[in-house]
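Chemist: Build me a model:
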Amino acid sequence: MTERPLNEIIAENLRLYRRLHGFTQAELADVLRYSDKSVSKWERGEGLPDVTVLLALSEIYGVTVSELIGQTPRSKATLELIRAAEKDKKALDRAKKKARDRAKRQKRKR
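Modeler: Predicted structure coming up:
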């Protein structure tokens, strides 16, 4: 079995976490102070965000950088969020609000 390239794994995770937390590419780009084209490029695996962006994303999503780049298994909280997304719209909305609040705090820090 061949391993997937790291950029594909990171791209998939970036897309997953953004969607789970209810951000559009444009909204996330605004929080990060990057263009939506950059976010799109990262999510297609055509480029990678720098370390400072990965740190910001990990804070916004409440995960480790290691989880974000696929080097450690998804946390229990992430797996619960995925299940919530599949089953419970209200739980997903609460999680989205939490992530947006974290993003606002992160944006104020910059």
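Chemist: Please, which helix or strand holds Ala91?
Modeler: Remark: Ala91 resides in helix 89-109, with elements defined by DSSP states H and E.
Chemist: tell me what that helix is packed against?
Modeler: helix 25-32, helix 51-61, helix 76-87 (3 or more C-beta pairs under 8 Å, 6 or more residues apart in numbering; DSSP states H and E). C-betas here are computed from N, CA, C, even on glycine.
Chemist: Out of those helices, which is closest to Arg108?
Modeler: helix 25-32 (10.4 Å; C-beta to C-beta).
Chemist: how near is the closest residue to Val31 other than its chain neighbours to Lys90?
Modeler: Closest residue in space to Val31, ignoring its immediate chain neighbours: Ala103 at 4.5 Å, by C-beta to C-beta, 6 or more residues apart in numbering. Separation of Ala103 from Lys90 (C-beta to C-beta, to the nearest Å) stands at 20 Å.
Chemist: Now name the helix or strand holding the residue nearest the centre of the chain.
Modeler: For the chain, the residue nearest the mean C-alpha position is Tyr17 (3.4 Å; C-alpha atoms, centre = their mean). Per DSSP H and E: Tyr17 is located in helix 6-20.
Chemist: name the helices or strands packed onto that helix?
Modeler: With contacts taken as 3+ C-beta pairs under 8 Å, 6+ apart, helix 6-20 sits against helix 36-43, helix 51-61, helix 65-68, helix 76-87.
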